[in-house]
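**Q** next comes the sequence, and after it the predicted model I'd like to discuss.
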Amino acid sequence: MHCPQPNIEIVHLNETHRESVESLCEECFPIHYPDWWYNNILSDRVQFSIGAFSDVHLVGMIVAEYQSPREAREQGKISYSCSNYSVLYIISLGVRSEYRRQGIARKLICLLLDSLNTNCKLVYLHVQSTNDVAINFYQWQNFQEYSKVPGYYTINDTPADALVYTYPIHGGPTELVPWTDLFLNSIYMMYDWTYTQFQKLFSYVKENFT
């Protein structure tokens, strides 16, 4: 049986949509969001709060905000460090269960990416490491797994791991080194430098004082 595609209207979300947004989030996400979170995503502080409506019903939404590379390093452990450009963080993406597999999430992603200014060079997000459906979707949209963040979520008072996925845009970095690798490489480089300096000092003392 072929199910007809819903007639979807795209709307910028605001405080008047709060009840619908809360209902969608309660269905789509295992996390309980506090009031301040809804206040934030429905205010002007977040640049992208976009809803997909079928008639008067909110059936999907995507929320995202611009960040500096410094903020991305702190929040997502992203190694991208070019201070001249911005990064986009996808805070939330969800579609009601009966409307999934109808292209709504893909449409929201495409609308978001098409609206980004050219100063934005990287898009990233967190996804629960056990959410295979969402992971497969992001991989289908050409997002690349970047790193794993242990205990990023708290679900029913239990820590849950997150995966960080990235998407370069407008000529942004296509290969990012996970921050853990950068950290370890820095340690190894410092060790090599220190070892070399001690060798030089030992050789100098041996030549001049023995």
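**A** Looks like it came in fine.

**Q** quick check: S20 vs G60, distance?
**A** From S20 across to G60, the span is 11 Å (C-beta to C-beta, to the nearest Å). C-beta: built from backbone N, CA, C; applies to glycine.

**Q** between the two, who's got more neighbours?
**A** Taking other C-beta atoms under 10 Å, S20 and G60 do not tie; G60 has more neighbours (25 against 17).

**Q** beta partners of the more buried one?
**A** A52, V95 (DSSP bridges).

**Q** so what's it up against?
**A** L24, G51, A52, G94, V95, R96, Y99, I104, A105, L108 (C-beta atoms under 8 Å, 6 or more residues apart in numbering).

**Q** just give me the neighbour total for the fourth one.
**A** Think G94. 22.

**Q** could you measure from it over to L163?
**A** Remark: distance between G94 and L163 (C-beta to C-beta) = 17 Å.

**Q** ranges for the helices of the chain?
**A** 18-28, 35-41, 69-76, 104-114, 132-140, 179-209 (DSSP state H).

**Q** for N117, which residues are in contact?
**A** S86.

**Q** among the helices of the chain, show the one with the smallest mean pLDDT.
**A** With a mean of 51, helix 179-209 has the lowest mean pLDDT of these.

**Q** find the nearest non-adjacent residue to the most centrally placed residue in the chain, please.
**A** In the chain, the C-alpha nearest the mean C-alpha coordinate belongs to L125, at 1.3 Å (C-alpha atoms, centre = their mean). Of all residues not flanking L125 in the chain, I90 sits nearest, at 3.9 Å (C-beta to C-beta, 6 or more residues apart in numbering).

**Q** equivalent analysis for G172, please.
**A** K121 (3.2 Å).

**Q** model confidence score at that neighbour, please.
**A** K121 is given a pLDDT of 94.

**Q** next one: it from A105, what distance?
**A** Taken as C-beta to C-beta, the span from K121 to A105 is 23 Å.

**Q** who has more neighbours out of those two?
**A** Using other C-beta under 10 Å, the more surrounded residue of K121 and A105 is A105, with 23 against 20.

**Q** is it true that the more buried one touches L93?
**A** Yes - taking C-beta atoms under 8 Å as the definition, A105 is a contact partner of L93 at 6.2 Å.
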